[in-house]
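Novice: dropping a prediction and its sequence here:
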Amino acid sequence: MAKPTGFLDYARKNPPKRKVKDRVKDFREIEQRLGQAELEIQAARCMDCGVPSCHAYGCPLSNLIPDWNDMIYKKQWRKALDLLHATNNFPEFTGRVCPAPCEPACTLAINQDPVTIRQIELQIVERGWEQGWIQPQKPEKKTGKKVAIVGSGPAGMAAAQQLARAGHAVTLFEKADRIGGYLRYGIPDYKLEKSVIDRRMAQMRDEGVVFKAGTNAGKTIKADTLKKNFDAILITIGAGEPRDLPVSGRNLKGVHFALEFLTQQNKRTAGDKISVKQMIHAKGKHVVVVGGGDTGADCIGTSIRQGAKKVIQLELLSQPPKNSNPATPWPAWPVIHRIATSHEEGCDRMWDIQTKSLEGDKGQLKVLKAAKLKWTFPENNRPACEEISGSGFDLKADLVFLAMGFIHPEHGALVKDLKVKLDGRGNIAVDDILMTSQKGVFAAGDAETGASLVVRAINRGRLAAAGVDAYLSKLRKPVKKLKTKK
């Protein structure tokens, strides 16, 4: 497998990034590429580890990582692309935005730097596009069955492509004005330029997928109409209900959910005009981001590019250890202190912070009141926290972005009218082929798992496509028992 001594002979090399002083002036992608010769050397570091945890444990898609690493080392790029596409419809997405749980699961990660798996994955697919190897895969015959997919994020797109290739007539509905879901409007262009989505959409159109943007299923097109006109329905609407901040002052002007802010900037980057009345802009303002995850980091990077005067990120939890964490040993995803590209660009991070209230003047936000927390970890009990007496403080705030995650899919007209059952967390309950409580209605991605990774959404979309295909092909009867989350 690759070069037997490669992990001893070569050190890990990360792809270069554009310099901070240059990249904060625009929204073009930050990460650049390693040269072909450099990448082949990096692939040589993939050791013959026997049980590849990168594939078996780390990757939700079970990508054939050692196999395509071996192909790259042997300069067989076309074969590497075929192996990559065997499990992943969109490696150009995951190669850009996935946190790469495969890398800390790499056997080398036990005591060395892991293989640069994500960068190798990205370059395989990008070379495929450059060489013209990626072409539409049209089905040999049509089944005559019609499938409606509601929601065009990574789960919906993956399912649509798989079902179209199986010969079904697929229509993908999206309530926003463009296809792509969170990929399109949640992730800034400096991480994922939207031409990357458009390029893959063109292939999918040639494969027979019909895209209908600006169509709110459940409202613009009723659930009964979908059931009447399609043989199966797949719900991939994501976990669109954001976690709110129930404090006084929440309704002041200047307090926004993160996705409101990120969506608007992505529209602006795409060339859309935003009215002054609707404008959310950080230029010259004090910005506070509540939430320490990736979405919060995206708000930071976007605020800096808009010219924010100061950006502070607040995290409710304690700062994790920097290098390793005994609580999450290999090959588990390590809970450690991570620095995103946005943090490199200028941001104050604060840990163990609770937002107490928001205050303003004449309806406009002015101050965020906060306090320090102390966490305790009782044995066999959930972690608990309490406010440290006398630790209260004020932060000047012209804008506050709430980036505290998403709790479940929106329980709007579609979900209600289809009468699908929900689990205890408010997600759509599904069985082992991802069918809901209603015959012929399926769900996939964040809508049934809760908010998760793009790579996991792609996997669930592929699984749902297999379930829909089995249902339509009468290969098996749907099971009655629903698997619900605890």
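Specialist: Okay, I see it. This structure is a prediction, so every number in the text was calculated from the model and none was measured.
Novice: drop to CA atoms for contacts and neighbour counts, all remaining ones
Specialist: Will do.
Novice: distance check, the residue lying closest to M435 once chain neighbours are set aside against M404.
Specialist: Residue nearest to M435 in three dimensions, not counting chain neighbours: F442, with 4.1 Å by C-alpha to C-alpha, 6 or more residues apart in numbering. To M404, F442 is 28 Å away according to C-alpha to C-alpha, to the nearest Å.
Novice: looking at those two, which one has more neighbours?
Specialist: F442 (27 against 22; other C-alpha atoms under 10 Å).
Novice: contacting residues around that one?
Specialist: Contacts for F442 were tallied using C-alpha atoms under 8 Å, 6 or more residues apart in numbering; they are A232, I233, L234, I235, V430, L434, M435, T436, A464, V468.
Novice: please name the bridge partners of the second one.
Specialist: It stands for I233. For I233, the beta-bridge partners under DSSP bridges are A148, V441.
Novice: got the contact list for it?
Specialist: If you count contacts by C-alpha under 8 Å, 6+ apart, then I233 has V147, A148, I149, V150, L226, K227, G440, V441, F442 around it.
Novice: ok, the third one touching I237?
Specialist: No: under the criterion of C-alpha atoms under 8 Å, I149 is not in contact with I237, lying 9.2 Å apart.
Novice: what about K79, distance to I72?
Specialist: 9 Å.
Novice: what about G35, how many neighbours?
Specialist: 10.
Novice: can you pull the pLDDT of it?
Specialist: What the model reports as pLDDT for G35 is 93.
Novice: state the distance from it to S275.
Specialist: In terms of C-alpha to C-alpha, G35 sits 43 Å off from S275.
Novice: G144: neighbour count?
Specialist: For G144, using other C-alpha under 10 Å, the count is 10.
Novice: what is the longest strand seen in the chain packed up against?
Specialist: Of all the segments assigned as strand in the chain under DSSP state E, the longest by residue count is strand 364-376. Other elements packing on strand 364-376 under the criterion 3 or more C-alpha pairs under 8 Å, 6 or more residues apart in numbering; DSSP states H and E are strand 353-361, strand 384-387, strand 393-396.
Novice: can you give me the buried ones in it?
Specialist: Q364, L365, K366, V367, L368, K369, A370, A371, K372, L373 (16 or more other C-alpha atoms under 10 Å).
Novice: and these, which is closest to T295?
Specialist: Nearest to T295 among the buried residues of strand 364-376: L368, at 19.8 Å, using C-alpha to C-alpha.
Novice: so for N380, what's the pLDDT?
Specialist: 77.
Novice: over to K3?
Specialist: 83.
Novice: what of the one 10 residues further on?
Specialist: At K13, the model reports a pLDDT of 97.
Novice: residues in contact with it?
Specialist: So K13 contacts Q42, T116 (C-alpha under 8 Å, 6+ apart).
Novice: any idea how far Q119 is from it?
Specialist: 10 Å.
Novice: before we move on, back to that, and the average pLDDT for the longest strand of the chain is what?
Specialist: 97.
Novice: same deal with stretch 194-206?
Specialist: Stretch 194-206 comes out at a mean pLDDT of 98.
Novice: now stretch 152-172
Specialist: Per-residue scores along stretch 152-172 average to 98.
Novice: can you give me the end-to-end span of it?
Specialist: 7 Å.
Novice: show me where the stretch 51-200 of the chain has strands.
Specialist: 146-150, 169-174 (DSSP state E, counting those that start in this stretch).
Novice: now those strands as CSV including mean neighbour count and distance to D206?
Specialist: Converted to CSV, the strands of the stretch 51-200 of the chain look like this (neighbours: other C-alpha atoms under 10 Å; distance: least, C-alpha to C-alpha, whole Å):
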stretch, mean neighbour count, distance to D206
strand 146-150, 25, 17
strand 169-174, 24, 12
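Novice: could you export the ones you listed as a markdown table, including distance to H411?
Specialist: Converted to a markdown table, these look like this (distance: least, C-alpha to C-alpha, whole Å):
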| stretch | distance to H411 |
| --- | --- |
| strand 146-150 | 14 |
| strand 169-174 | 16 |
